[in-house]
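> Quick one: sequence plus predicted model below, questions after.
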Amino acid sequence: MNRDLLRGESIYSVFIRNHSETGDIKGLILDLERIKSLGVTILWILPHYPIGEKNKKGELGNSYSISDYYSVNPDIGGINDFKMLVSECHKLELKLVIDIVFNHTSWDSVLVNENPDWFIRDNNNNFIGKIPHWDDVIDLDFKKAPLKKYLIDVLAYWAGLGVDGFRCDLASIVPLGFWKMAKDSLNKDYPDLIWFGESVEKEFISFIRHNGFDCHSDSELFTVFDLLYDYDVQVTFEGYINGIVSFDEFVKERRNQEVIYPIDYMKLRFLENNDSKTRIAAVVSDKYRLKNLKAFSMFEKGVPLIYAGEEYGIVELPDLYNSSKIDWTLKDVEYCSFIRKILSIDHMYIVTNGIYTINPLTEDCVHLRYRYNGETLHGIFNFGKKDRIIELEVLEGNYLNLITGEEFNISKETLNLNNAPFIFKSIP
């Protein structure tokens, strides 16, 4: 896919088992219209495949411990249900991205039974994994040429069913050469597929490399993938909101992305996802600060992610290994309207085509800008004290806050942050 086309896209992430009362594909289909109404353009479903029984985690197992790449988990439906999901998404002009987990399988997978030589083993011929404490999975050995063909055929199978892209789990520790081969192979018939890779934190890269395995940097992965995680700045972000990392370091890390990656780089922007230990609304209980953080994240250059339930400020995080449902009665409707408004702004032409900059204004206050054809779209986000006045190099006058629809005044190049966040246009 042309990476520039991802500007203006947004992703909603769903774990089917937790999403509805029925916990299945049919239950998700019933919610598609609501999901679409948020303004998102892509639905990403977490692994929908059968889960291995051997060394299973929890009551229901880890959906990333896959026993068969060609099947649907019978607990959530069958292949016809999956085809219906594809069809219903496309009727609503939602793209569907599925999880691809090629670093490892379950201990009792089809591949273990049929091709046990396709797995990494230690000197005693025991199955092993690159990550020692992941004891419900074993890792595939990409030195085996037949394995690569098998996995590319898996991708072609799901692409043939109409999926629009792949979120590639642990893309950093699957050989880059394989990803290039897979993309080149599928591009012949499916040139518009979205290739979305889970890149990893810097510390994780060091850990894997020190254990004697390859682990690719984001810069390497951008030679193949259209979109990567922003885990390269996640440690700094978490440190900042918890008062461990300075505001200057928080902004510096993000500004650094503008020079170390390709000019058209795309990062997944999120405050929480399926790997989070806690919901962001539980970490940041102050509504004013939460709104500013979420608006900032969604307005950054990249593709914003909403993890199912986050749009309502839900605090409880569902369990991924045991029976657990999102409690949709605990919803903040006003916060959801706020999210919907930011998403509508994020699809504006100036955002999808403009030149992007990020700068600190004062302590705990950041200024994002998009410039295009003589116009500037400003985003002012305050993560600190609410009632304060800052200097802002914008001509004085009245401006329209596109988030609230209310006018506000900039007087003598100063702005009161009481009603932040602000997103507004100016010329220039």
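Happy to help now that I have it. Residues are numbered from 1 along each chain as shown.

> In terms of helices and strands, where is the closest residue to Ile260 other than its chain neighbours?
Of all residues not flanking Ile260 in the chain, Ser219 sits nearest, at 6.7 Å (C-beta to C-beta, 6 or more residues apart in numbering). For glycine as for every other residue, the C-beta is placed from the backbone atoms N, C-alpha and C. Per DSSP states H and E, Ser219 falls inside helix 218-221.

> Which elements pack onto the helix or strand that that helix is followed by?
Moving toward the C-terminus from helix 218-221, the next helix or strand (DSSP H and E) is strand 227-229. Applying 3 or more C-beta pairs under 8 Å, 6 or more residues apart in numbering; DSSP states H and E, one finds that strand 227-229 contacts strand 194-197, strand 267-269.

> ok so, going back, buried residues in the helix holding Ser219?
218, 221 (16 or more other C-beta atoms under 10 Å).

> Run through who's touching it.
If you take C-beta atoms under 8 Å, 6 or more residues apart in numbering as the criterion, helix 218-221 is touched by 171-172, 176, 179, 197, 199, 228, 232, 260-261.

> and these, which two are the farthest apart?
Using C-beta to C-beta, the contacts of helix 218-221 reach their maximum pairwise distance at Trp179 and Ile260, which is 20.3 Å.

> which of the two has more neighbours?
Neighbours were counted for Trp179 and for Ile260 using other C-beta atoms under 10 Å; Trp179 has more, 21 against 11.

> Just give me how far the helix or strand that contains the more buried one sits from the chain centre.
Counting by DSSP H and E, the element that carries Trp179 is helix 176-187. Counting by C-alpha atoms, centre = their mean, to the nearest Å, helix 176-187 is centred 22 Å from the centre of its parent chain.

> what's the span of stretch 302-316, first residue to last?
Distance across stretch 302-316, first residue to last, is 27 Å (C-alpha to C-alpha, to the nearest Å).

> List the buried residues in that stretch.
302-315.

> Please identify which of those is nearest to Asn73.
Nearest to Asn73 among the buried residues of stretch 302-316, with distances taken as C-beta to C-beta, is Ala308, at 17.4 Å.

> isn't the closest one right next to Ser13, touching?
Yes. Here Ala308 reaches Ser13: they are 6.3 Å apart, a contact under C-beta atoms under 8 Å.

> circling back to that earlier point, now, which of the buried residues of stretch 302-316 lie within strands?
Cross-referencing the buried residues of stretch 302-316 against strands under DSSP state E gives 303-307.

> could the buried residues of stretch 302-316 go into CSV alongside pLDDT?
What follows is the buried residues of stretch 302-316, written out as CSV (pLDDT from 0 to 100):
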residue, pLDDT
Gly302, 96
Val303, 97
Pro304, 98
Leu305, 98
Ile306, 98
Tyr307, 98
Ala308, 98
Gly309, 98
Glu310, 98
Glu311, 98
Tyr312, 98
Gly313, 97
Ile314, 97
Val315, 96
